[in-house]
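In: turn this into a model:
(one chain, ligands or ions: 1)
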Amino acid sequence: MARNLVFMLALTSLYIGLAAADWNILNKKVTNGAASGLKSYCESWRINVELNNIKGFELVPQECVDFIKHYMKSSQYTADSERAIEEARLYRSSCCSLEGDGKDAWIFDVDDTLLSTIPYFKKHGFGGEKLNATLLEAWMKQGKAPALDHTLKLFHEIKDKGVKIFLISSKSETLRSATVDNLINVGYHGWCSLILRGLEDDLMKVQQYKSEARQRLIKEGYRIWGITGDQWSSVEGLPAAKRTFKLPNSMYYLS
Ligand SMILES: *[C@@H]1O[C@H](CO)[C@@H](O)[C@H](O)[C@H]1NC(C)=O
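Out: Below you'll find the model as predicted:
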């Protein structure tokens with residue numbers, strides 16, 4: 001009996017050991033301790049970016065670039081994004097006593113929320129190279145960013161409930177027509193307003209610029225039920241929305 005118990009305990013800890021080794025999202029065979037240590041280090045870097053403990057990073061740590069590249073292209077990134085959208089959907093279906101007066105509002109970010117910049121970052125180091133605004137804007141001007149499909153569905157569900165949709169992006173006014181064309185080409189339409197950064201907003205931090213945009217909406221009488229965005233600067237600060245839904249993005253951080 002005692003021997004059986006010892007055997008069972010040994011077996012249980014073996015299972016726990018196997019499960020732990022197998023847990024890592026990258027699901028690669030752990031061949032040695034150093035590789036395993038690096039994966040843990042990069043995964044904890046990534047999760048702490050999402051938790052907003054690591055703020056304002058300019059570059060993905062060089063030793064984690066491969067990991068972030070793998071993550072941003074993985075089914076885990078898709079699953080994480082879909083879960084965030086699903087939670088927004090659940091909240092939306094029960095939260096809001098919509099008054100049908102045209103003043104219910106929901107805010108979306110544009111890049112890496114409605115549209116994906118992953119095709120650009122594939123060619124530019126997945127956050128491991130210093131962001132070159134000229135090159136990124138030239139890519140955006142082509143208007144070829146794909147939609148994030150799960151966000152596209154949520155966008156239409158919210159709109160179909162009569163909620164007004166505001167797109168608040170920190171990108172420049174000069175990208176307006178390319179952005180509108182891109183959005184329409186991949187299936188977005190019927191938003192209420194696309195708010196972009198004019199010259200006068202250029203000196204402001206992203207977070208302040210987005211707070212002020214929300215302030216203007218509140219002054220116009222809108223009730224902001226939710227924000228869906230990939231940046232903390234889209235959801236932090238006052239006035240706050242009733243709920244916020246953060247999509248993953250380990251490639252860049254806009255302060
Ligand atoms: C951005 O890229 C262009 C084209 O490669 C280059 O000429 C320019 O110097 C870069 N800018 C910065 C700030 O690195």
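
In: what comes up buried for stretch 131-140?
Out: 136, 139-140 (16 or more other CB atoms under 10 Å). Bear in mind the C-beta positions are built from the backbone N, C-alpha and C, glycine included.

In: centre of the chain to the helix or strand harbouring T151, how far?
Out: Assigned by DSSP states H and E, T151 belongs to helix 149-160. Helix 149-160 has its C-alpha centroid displaced from the chain centroid by 15 Å (CA atoms, centre = their mean, to the nearest Å).

In: output the contacting helices and strands for it.
Out: For helix 149-160, the elements it packs on are helix 75-95, strand 104-108, strand 164-172, judged by 3 or more CB pairs under 8 Å, 6 or more residues apart in numbering; DSSP states H and E.

In: how about those, which one is nearest the ligand?
Out: With CB to the nearest ligand atom as the criterion, the ligand lies closest to strand 164-172 of the helices and strands packed on helix 149-160, at 15.8 Å.

In: give me the sheet partners of that closest one and which way each runs.
Out: Partners of strand 164-172 in the sheet, by DSSP bridges, are strand 104-108 (parallel), strand 193-197 (parallel).

In: most neighbours per residue, which of the ones you listed?
Out: Most buried of the strands paired with strand 164-172, by mean neighbour count (mean count of other CB atoms under 10 Å): strand 104-108, with a mean of 24.

In: can you give the contact residues for it?
Out: 92, 96, 98, 114, 151, 155, 158, 162-168, 191-192, 214, 217, 222-229, 234, 241 (CB atoms under 8 Å, 6 or more residues apart in numbering).

In: now list the buried members of these.
Out: Applying 16+ other CB under 10 Å to these flags 92, 96, 114, 151, 155, 158, 163-168, 191-192, 214, 217, 222-229, 234, 241 as buried.

In: picking up where we left off before, nearest to F245, out of the helices and strands packed on helix 149-160?
Out: Checking the helices and strands packed on helix 149-160 against F245 by CB to CB gives helix 75-95 as the closest, at 4.2 Å.

In: show me which residues of that closest one are buried.
Out: Neighbour-count burial for helix 75-95 flags 77, 80-82, 84-85, 88, 92 (criterion: 16+ other CB under 10 Å).

In: would a markdown table of the helices and strands packed on helix 149-160 with distance to the ligand and mean pLDDT be doable?
Out: Output for the helices and strands packed on helix 149-160, formatted as a markdown table (distance: least, CB to the nearest ligand atom, whole Å; pLDDT from 0 to 100):
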| stretch | distance to the ligand | mean pLDDT |
| --- | --- | --- |
| helix 75-95 | 27 | 96 |
| strand 104-108 | 29 | 97 |
| strand 164-172 | 16 | 97 |
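
In: how about those in a markdown table, adding distance to S36?
Out: Listed next are these as a markdown table, based on distance: least, CB to CB, whole Å:
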| stretch | distance to S36 |
| --- | --- |
| helix 75-95 | 18 |
| strand 104-108 | 38 |
| strand 164-172 | 38 |
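
In: now for Y188: which residues touch it?
Out: Neighbour list for Y188: 114, 147, 152, 155 [criterion: CB under 8 Å, 6+ apart].

In: for the protein, give me the ranges with low pLDDT.
Out: 1-32 (pLDDT under 70).

In: single out the residue in it that lies closest to the ligand.
Out: N132 (3.7 Å).

In: wait, what's in contact with that residue?
Out: H124 are the contacts of N132 under CB under 8 Å, 6+ apart.

In: then N249?
Out: Applying CB under 8 Å, 6+ apart to N249 gives the contacts 112, 230-231.

In: which SS class is the closest residue to I224 other than its chain neighbours?
Out: Among residues not flanking I224 along the chain, A241 sits closest, at 4.3 Å (CB to CB, 6 or more residues apart in numbering). Following DSSP: H, G, I helix; E, B strand; the rest coil, A241 is assigned to coil.
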